[in-house]
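> Structure, please.
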Amino acid sequence: MEKEVRRQKKIHLALAVAEGESIAEWARHNGVSERTAFYWAKDPKVRREVEACRRRALNQAIGRLTGMTTKAVDGITHLAQEAESESVQLRAWRAVLADQMAVAKFSDLEQRMLEIEEQLDERDKVTR
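Here you go, the predicted model:
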């Protein structure tokens, strides 16, 4: 029973650290000595849980942004085509071009990385 309580507290600590709460503050609010909390925070399992929590939060944020991408593009293109102010149109058109170039660069880099990873995988298969 004691082991399970400690495990749950470590998970709770990992969540708190992932969200940016200080370890000392977490320890005070959870009846754990500060020294023990800092010791737990160094545990590789706790560190992995912190990173996993942060990855999940980041993935959720990216998912939400991805869902808004089409709306953003629609809004920018609408401004570029329909805005009464030529300066607003110009900024919108520049935004479209700049974003397209950034996406193209990223896409190109991603493709190159995939090719490199494939080459490394092939090389590793040969050396085994």
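
> what's the distance between the helix or strand harbouring residue 67 and the middle of its chain?
For residue 67, the enclosing helix or strand under DSSP states H and E is helix 44-82. Between the mean C-alpha point of helix 44-82 and the mean C-alpha point of its chain there is a distance of 8 Å (CA atoms, centre = their mean, to the nearest Å).

> Report the buried residues of that helix.
The neighbour-count criterion (16 or more other CB atoms under 10 Å) identifies 46, 49, 50, 53, 76, 79, 80 as the buried residues of helix 44-82. C-beta here means a position set from N, CA and C on the backbone, and glycine is covered the same way.

> pLDDT and distance to residue 107 for those residues - can I get that in CSV?
What follows is the buried residues of helix 44-82, written out as CSV (pLDDT from 0 to 100; distance: CB to CB, whole Å):
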residue, pLDDT, distance to residue 107
46, 94, 37
49, 94, 33
50, 94, 31
53, 93, 29
76, 82, 19
79, 82, 25
80, 83, 22
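
> Just the closest of the residues you listed to residue 15, please.
Lowest distance from residue 15 to the buried residues of helix 44-82 (CB to CB) belongs to residue 53, with 5.8 Å.

> Check which helices and strands the worst-scoring helix or strand of the chain on mean pLDDT is in contact with.
For the chain, scoring each helix and strand by mean pLDDT, DSSP states H and E identifies helix 86-127 as the least confident one, at a mean of 84. Other elements packing on helix 86-127 under the criterion 3 or more CB pairs under 8 Å, 6 or more residues apart in numbering; DSSP states H and E are helix 44-82.

> Who are the packing partners of the helix it packs on?
In this structure, helix 44-82 packs against helix 2-18, helix 86-127, with contacts taken as 3+ CB pairs under 8 Å, 6+ apart.

> Which of the ones you listed has the highest mean neighbour count?
helix 2-18 (a mean of 15; mean count of other CB atoms under 10 Å).

> give me the element the residue sitting furthest away from the middle of the chain is part of.
Of all residues in the chain, residue 84 sits farthest from the chain's C-alpha centroid, using CA atoms, centre = their mean; the distance is 38.0 Å. With elements taken from DSSP H and E, nothing contains residue 84; it lies in neither a helix nor a strand.

> Repeat that for residue 32.
With the criterion set as DSSP H and E, no secondary-structure element contains residue 32; it sits in neither a helix nor a strand.
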